[in-house]
Structures are given as C-alpha cells and as structure tokens.
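Student: Have a look; sequence and predicted model below, questions after that.
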Amino acid sequence: MKKTVFAVALVALGTAALAHGGVKNKDVMARMEVMKTIGDQMKVIGSMAKGEAAFDASTANEALTEIAAQSAQIGSLFETRADDPKSEAQPAIWQDWEDFAQLASATETTAEGLIGTVSAQADLGPALGQLGGACKACHSKYRK
C-alpha cells in the first residue's frame, strides 16, 4: 500500500509539472500552483520515507503544515469555474460542488490531524497513506 500511494504521488507530481506549461488562465494557474506545492511537500515526506533523504521530524511536520495550509485554499480556488486547455479539472467539480468541497476539506483535515504526529521514520508511511488516500479520493473523481 505504501509503495502504491507513493507511486501515485510521484505520477501526480510529474503530470503537474508538465501541465503548467502554456497555461493562460490565471485562476487555473493559481489552482495548479497550490496543487504543485502540495505535491512538492508530499515529495519531501516521500523521499524521507524511502530513505532518499535523511529523516527529520521537524521537516516532515513542516511539510504537513504546508500541505494543510495549501489544502485550505482548494475550495476557494475552485469556487469560480475557470477553464484552460491545460486544466485537469473535470466539469463534475461544479456539477457536484458539495462533494468536491467536502473532499477538499477532508484533505486539509487529514493533513492537520497529522501535524506533530511524525516523530520517527516509521511514521511517514502511515502519514503518506492517509494523505494519499485523501488526495486520491478527490483526484479519481474530479481530475482528468
């Protein structure tokens, strides 16, 4: 499970990096930047979980804090429908706004609940699993 969640996060990061090129709509770009920041912070945690970076509890918890802060912006960034050929947002977001908003809020709540819980490298896998699950719940329904 841990490897699957990490793989999904890495694919999402790669896709986001390619998607930003040529975006013309400033609202879409703002959404993409928030998602990229979340992805970057997931990468910080993931690299420690895989042993590619030295474990640092403070850095991991700072990443969780940033994920929570960025996740808190998701709902407001999507309130106004904004389209761009590079956008990966599905029209279903605005057709089922209540569900989308709840899933976005769940990501923030999940990240907030994890802040301060990482004290050992062994804590990273479960944290990534919870966050990855929250991200996937929304992305599987509302992202191309």
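Tutor: Received, thanks. Quick caveat, the model's predicted, so the values are computed rather than measured.

Student: just how off-centre is the longest helix seen in the chain within its chain?
Tutor: Of all the segments of type helix in the chain, defined by DSSP state H, the longest one is helix 26-49. Its chain's C-alpha centre and that of helix 26-49 lie 6 Å apart, by CA atoms, centre = their mean, to the nearest Å.

Student: Export it to CSV, keeping only CA atoms.
Tutor: Coordinates of each C-alpha in helix 26-49 appear next as CSV, following Å, rounded to 0.1, in the frame of the first residue of the first chain:
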residue,chain,number,x,y,z
LYS,A,26,-4.6,33.0,-14.1
ASP,A,27,-7.2,31.2,-12.0
VAL,A,28,-6.3,27.8,-13.4
MET,A,29,-2.6,28.6,-12.8
ALA,A,30,-3.3,29.6,-9.2
ARG,A,31,-5.0,26.2,-8.6
MET,A,32,-2.1,24.4,-10.3
GLU,A,33,0.4,26.2,-8.1
VAL,A,34,-1.4,25.2,-5.0
MET,A,35,-1.5,21.6,-6.1
LYS,A,36,2.2,21.7,-7.1
THR,A,37,3.1,23.0,-3.7
ILE,A,38,1.1,20.2,-2.1
GLY,A,39,2.9,17.7,-4.4
ASP,A,40,6.3,19.2,-3.5
GLN,A,41,5.6,18.7,0.2
MET,A,42,4.4,15.1,-0.4
LYS,A,43,7.7,14.6,-2.2
VAL,A,44,9.6,15.8,0.8
ILE,A,45,7.9,13.3,3.0
GLY,A,46,8.1,10.6,0.4
SER,A,47,11.8,11.0,-0.1
MET,A,48,12.3,10.6,3.7
ALA,A,49,10.0,7.6,3.8
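
Student: residues of that helix that come out buried?
Tutor: Neighbour-count burial for helix 26-49 flags 27-29, 31-46, 48-49 (criterion: 16 or more other CB atoms under 10 Å). Backbone N, C-alpha and C define where each C-beta goes, glycine included.

Student: How about stretch 126-144?
Tutor: 127-132, 134-139, 142-143.

Student: now stretch 84-91
Tutor: Asp84, Lys86, Ser87, Glu88, Ala89.
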